[in-house]
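[1] I'd like to go over a predicted model; first the sequence, then the structure.
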Number of protein chains: 4
Amino acid sequence: MTKPFAIIAGVGPGTGASIARRFAKAYSVVLLARNPASFEPVVNEINTSGGQALGISTDLSDSTSVRAAFDKISKQYAGLALAAAVFNPGGGFVRKPFLELTEEEFTQGYESQGKGGYLFAKGTLPLLLEAKGLPHPPTLIFTGATASLKGSANFSSFASGKFALRALAQSLAREFGPQGVHVSHVIIDGVIDIPRTKAWKFEHEDAKLDPEAIAESYWHLHTQPRTTFGFELDLRPYVEKW
Amino acid sequence: MTKPFAIIAGVGPGTGASIARRFAKAYSVVLLARNPASFEPVVNEINTSGGQALGISTDLSDSTSVRAAFDKISKQYAGLALAAAVFNPGGGFVRKPFLELTEEEFTQGYESQGKGGYLFAKGTLPLLLEAKGLPHPPTLIFTGATASLKGSANFSSFASGKFALRALAQSLAREFGPQGVHVSHVIIDGVIDIPRTKAWKFEHEDAKLDPEAIAESYWHLHTQPRTTFGFELDLRPYVEKW
Amino acid sequence: MTKPFAIIAGVGPGTGASIARRFAKAYSVVLLARNPASFEPVVNEINTSGGQALGISTDLSDSTSVRAAFDKISKQYAGLALAAAVFNPGGGFVRKPFLELTEEEFTQGYESQGKGGYLFAKGTLPLLLEAKGLPHPPTLIFTGATASLKGSANFSSFASGKFALRALAQSLAREFGPQGVHVSHVIIDGVIDIPRTKAWKFEHEDAKLDPEAIAESYWHLHTQPRTTFGFELDLRPYVEKW
Amino acid sequence: MTKPFAIIAGVGPGTGASIARRFAKAYSVVLLARNPASFEPVVNEINTSGGQALGISTDLSDSTSVRAAFDKISKQYAGLALAAAVFNPGGGFVRKPFLELTEEEFTQGYESQGKGGYLFAKGTLPLLLEAKGLPHPPTLIFTGATASLKGSANFSSFASGKFALRALAQSLAREFGPQGVHVSHVIIDGVIDIPRTKAWKFEHEDAKLDPEAIAESYWHLHTQPRTTFGFELDLRPYVEKW
């Protein structure tokens, strides 16, 4: 590995992959996901098309697994700067009437989004603080959702996780912004156009968010100078109700 | 026990005690706190002044402990209606630079406020749904804080817990409101005038929230008819910056 | 007139009338509305049932008219304290596709709610600041709506007026709270059960806000001590979608 | 004029000029400001460096003046598509204790920001709806401020204007998004580095927002496809307290 790098946590065939591809145009990229099948196609695609990518199987809500991933990263990228880190796991989504939710189901929103965000920030911030000589300020971006702003009926698990993640993002932006690290939170409000949602039909065309367009916005946030940090951006299809 | 009852979770010498006293004017009250020393003075005070109070030592973030408390309540209050439930634990407050936070410290904000809120709602909602023939709609009130709306630097643990609790409150209000249960969230924005803060000095007099006034607002919310449910109310001293 | 007084601006047969009746239990009340037919029945009802009420025909968005009303009030209530003031006009509601809105239609949301709020605050705050020896802090309450928080399609006129009013309320709360005046903003989210909406049918019973219950919440806010001022409270029927 | 065009309303030597320069890389640009001295240097700069720019003296809060400007635009750009429109006037800023505000001072926040926004939207939306064959969806961006979200003490005039403008932006986004027009609202939270603020000293370097970086973010929003419209983005210097 010879370039500054970026870490993308939560990479499946959708947004994470698009973010990885976008950041791979400038950086070596590390892709984290529990299941290697989730990141392998993208890792191969990037490596065979002139980029640098490394996939590490990681359970983002497990501190031992996350620590092992960052140990590996420290070795592989020794001496290189971490330019950007994106937290984008889709986990923790449960939709159920409240009285049917088990404790484990309720807490999995937080395990994935809140604690997962903590572990990822704990691993990346020391590296981001050390990063020097980069064209853009080191950046940490968290992916939010509709449920980051609204606790809907039957969404108590996921919303409490996404609210917790937003609190974390705000707190980190206020603590680490003045230290030169750009912390952002992007609210994805709508269905993303990924393999899993391919068959979902909508009344209008183009009614699903395009992962590549999402990735462009993440990249734009990353390129902002420290005079002009964006914190929160909400993205939705033109026909979305909100 | 002969009257409809209310359950107050998180009772120390401050807000919880004042809420218990206020609701004890109308109901038998159950006080939950980990340490019996926290609720015993209030329980005695209520019982010796013509009210009915029962204290149960409970770890509100532990499902076994919470279940045991509700088993006890079910026996003691068999056949009686649960009129109101208030979730008010002060736990999970940690204020620390992010990189010094251990995982246990970070998650304790959520353990106390998010998971604790879940366990309390899980125990009380079935009883609230069954409550009939009461003068006011059955009510579940959660206590929020400044950190429910803003993730300040060094507050990532507590803010993520309080954000999660607010998400839960919103979700439950939307699910159970239409079933007749009044769910509310009160944001306490400032220092409360309790024994622990007695010595804290402020530039102006009356600069601390009065627990009895807070309790009056909780009672007011409880008395609202189902045509006119208040969801969120923010309370602060007249001189508070916000 | 022999008692401290309250001024209710925007009194028709609904919320304003209920607020007037509620505050008339404790105070002499002044009712402002453009059309005397709007306040006369309530004025008579209060005066014939042991209370004190005075109606003044006022165009709340016209400074000359508002000034004349306050001149009259100053004479009638010379030496008496203004205990509370409530701004509750329903004017400025326009619902139209944006491109069909005339300039006059667009600005009427602001004329009624924004400028009207300014004129009312300008008239009442000097009196509220002078009020002494009252059982509760002098209070200024503004009535908001769903459109105070959300600019929906076709609501640009009304929402811009209600947003402006909320900005005013926040600004006044921050400036006059420390001077002992309690400024609040109540968000009415739903249809109110008034003569005009009597025939509107809903799927569920009790689906409309009860003006008397709204008035009880205004009264509750008024009675809060300065240690514990509530700023914002949202009220809606139990079945309302939000 | 031979290219699709953009209209920038509120052009002085700061943000407006930078936005005009940025959009002039792709489009012919029309610059609106009351005083020709405000736009002439930028118009000349763009025209002498290979771009196309036209300045029109316009009082953005006066319907007659705005109509005259759009009549002129219709003639000059007949047959050409309006690609983007940006509403960025700085007017209406008043900071004063409330009781010292005259009615004219209070309403000038709204006149500039609320009514001005209405008039600009009324002029641009019909053109944006007609725009066809452009590389990016036609876009209408409004400039907000800290006061768009918070009514601080002494800011009632400006905040009520900026709140009103945000309500308008939300309403238009919801009405015209589904018709393919991208409506956005950018919150500028901090001091912008412009000639007027050059001498303002801050504890840290880079403590002022860079107008060119702001312009890049406006351009980024403009380039988003309709699958992925950003509505609101908040921008602030890395050391800003918020």
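    That came through, no problem.
[2] just checking, what packs against the lengthiest helix in chain A?
    In chain A, taking DSSP state H as the definition, the longest helix is helix A:156-176. For helix A:156-176, the elements it packs on are helix A:103-109, helix A:116-130, strand A:139-145, strand A:182-188, strand A:229-236, helix B:156-176, judged by 3 or more Cβ pairs under 8 Å, 6 or more residues apart in numbering or on different chains; DSSP states H and E. C-beta here means a position set from N, CA and C on the backbone, and glycine is covered the same way.
[3] partner strands of the third one, with direction?
    Here the strand partners of strand A:139-145, with direction, are listed using DSSP bridges: strand A:82-87 (parallel), strand A:182-188 (parallel).
[4] looking at the ones you listed, which one is packed in the most?
    Greatest average neighbour count among the strands paired with strand A:139-145 goes to strand A:82-87 (a mean of 28), per mean count of other Cβ atoms under 10 Å in any protein chain shown.
[5] avg pLDDT for that strand?
    Mean pLDDT, computed over strand A:82-87, is 98.
[6] tell me the angle that strand makes with helix A:156-176.
    160 degrees (axes from the mean of the first three to the mean of the last three Cα atoms, to 10 degrees).
[7] kindly export strand A:82-87 (C-alpha atoms) in PDB.
    This file holds the C-alpha atoms of strand A:82-87, laid out as PDB (Å, rounded to 0.1, in the frame of the first residue of the first chain):
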ATOM      1  CA  LEU A  82      -5.900   7.900   7.000                       C
ATOM      2  CA  ALA A  83      -7.700  10.500   4.800                       C
ATOM      3  CA  ALA A  84     -11.300   9.400   5.400                       C
ATOM      4  CA  ALA A  85     -13.500   7.000   7.300                       C
ATOM      5  CA  VAL A  86     -17.100   6.200   6.500                       C
ATOM      6  CA  PHE A  87     -19.500   4.300   8.900                       C
END
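[8] tilt between that strand and helix A:116-130?
    Using the same axes, to 10 degrees, strand A:82-87 lies at 170 degrees relative to helix A:116-130.
[9] which residues touch the residue of chain A most remote from its centre?
    Note on chain A: the largest C-alpha distance from the chain mean falls to A:Leu99, namely 30.5 Å (Cα atoms, centre = their mean). Counting by Cβ atoms under 8 Å, 6 or more residues apart in numbering or on different chains, A:Leu99 touches B:Lys122, B:Leu125, B:Pro126.
[10] what do you get for A:Ala167?
    Contacts of A:Ala167 (Cβ under 8 Å, 6+ apart): B:Ala147, B:Gly151, B:Ser156, B:Ala159, B:Ser160, B:Lys162, B:Phe163, B:Ala164.
[11] now do stretch A:171-190, average pLDDT.
    Averaging pLDDT along stretch A:171-190 yields 98.
[12] near chain D, which residues of chain A?
    Those residues of chain A that sit near chain D, judged by Cβ under 8 Å from any Cβ of the partner chain, are A:137, A:174, A:177-178, A:180, A:182, A:193, A:204, A:206-210, A:213-214, A:216-217, A:220, A:223-240, A:242.
[13] can I have the buried ones of those residues as a ChimeraX selection?
    Selection of buried members from the residues of chain A next to chain D for ChimeraX, criterion 16 or more other Cβ atoms under 10 Å in any protein chain shown:
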select /A:137,174,177,178,180,182,193,206,207,208,209,210,213,214,216,217,220,223,224,225,226,227,228,229,230,231,232,233,234,235,236,237,238,239,240,242
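[14] gap between the residue nearest to A:Arg236 when sequence neighbours are not counted and A:Glu111?
    Counting by Cβ to Cβ, 6 or more residues apart in numbering or on different chains, A:Arg236 lies nearest to A:Asp189, which is 4.0 Å off, once chain neighbours are set aside. Using Cβ to Cβ, to the nearest Å, one obtains 23 Å as the distance from A:Asp189 to A:Glu111.
[15] what's the answer for A:Leu128, then?
    For A:Leu128, the distance to A:Glu111 - Cβ to Cβ - is 24 Å.
[16] for chain C, what are the nearby residues on chain A?
    Counting by Cβ under 8 Å from any Cβ, no residue of chain A is near chain C.
[17] show me where chain A dips below the pLDDT cut-off.
    For chain A, applying pLDDT under 70 flags no range at all.
[18] and the residue nearest to A:Pro13 when sequence neighbours are not counted, how many neighbours?
    Distances taken as Cβ to Cβ, 6+ apart put A:Pro195 closest to A:Pro13, at 5.0 Å, once the chain neighbours are dropped. A:Pro195 sits with 9 neighbouring residues when counted by other Cβ atoms under 10 Å in any protein chain shown.
[19] is it correct that A:Pro195 is in contact with A:Thr15?
    No. Counting by Cβ atoms under 8 Å, A:Pro195 stays clear of A:Thr15, with 11.9 Å between them.
[20] show me the contacts for the residue nearest to A:His220 when sequence neighbours are not counted.
    Nearest residue to A:His220 in three dimensions, chain neighbours excluded: D:His220, at 4.3 Å (Cβ to Cβ, 6+ apart). Counting by Cβ under 8 Å, 6+ apart, D:His220 makes contact with A:Glu216, A:Ser217, A:His220.
[21] among these, which are in helices?
    A:Glu216, A:Ser217, A:His220.
[22] circling back: how close does the residue nearest to A:Arg236 sit to B:Gln108?
    31 Å.
[23] OK, contacts around the residue lying closest to A:Asn35 once chain neighbours are set aside?
    Closest residue in space to A:Asn35, ignoring its immediate chain neighbours: A:Ser57 at 7.1 Å, by Cβ to Cβ, 6+ apart. Going by Cβ under 8 Å, 6+ apart, A:Ser57 touches A:Ala33, A:Arg34, A:Asn35, A:Pro36.
[24] what is the neighbour count of the second one?
    It stands for A:Arg34. The number of residues near A:Arg34, taken as other Cβ under 10 Å, comes to 17.
[25] and the closest residue to it other than its chain neighbours, helix, strand or coil?
    Distance criterion Cβ to Cβ, 6+ apart; nearest residue to A:Arg34, sequence neighbours excluded, is A:Asp59 at 5.3 Å. Judged by DSSP: H, G, I helix; E, B strand; the rest coil, the three-state class of A:Asp59 is coil.
[26] before we move on, back to that, now, which of the ones in helices among the contacts of D:His220 sits nearest chain D?
    A:His220 (4.3 Å; Cβ to the nearest Cβ).
[27] number of residues surrounding the residue nearest to A:Phe158 when sequence neighbours are not counted?
    Distance criterion Cβ to Cβ, 6+ apart; nearest residue to A:Phe158, sequence neighbours excluded, is A:Gly109 at 4.6 Å. Residues near A:Gly109, counting by other Cβ under 10 Å, number 30.
[28] A:Gly109 is in contact with A:Ser157, isn't it?
    Yes. Contact criterion Cβ under 8 Å: A:Gly109 and A:Ser157 qualify, at 3.8 Å.
[29] which residues are common contacts for the two?
    What both A:Gly109 and A:Ser157 touch, as defined by Cβ under 8 Å, 6+ apart, is the set A:Gly92, A:Val94.
[30] neighbour count winner among A:Leu128 and A:Glu111?
    A count of neighbours by other Cβ under 10 Å puts A:Leu128 above the other of A:Leu128 and A:Glu111, at 25 against 21.
[31] next, the contact list for that one, please.
    Per Cβ under 8 Å, 6+ apart, neighbours of A:Leu128: A:Leu82, A:Ala85, A:Pro138, A:Thr139, A:Leu140, A:Phe176, A:Val181.
[32] look up how far chain D lies from it.
    When distance is defined by Cβ to the nearest Cβ, to the nearest Å, A:Leu128 is 13 Å away from chain D.
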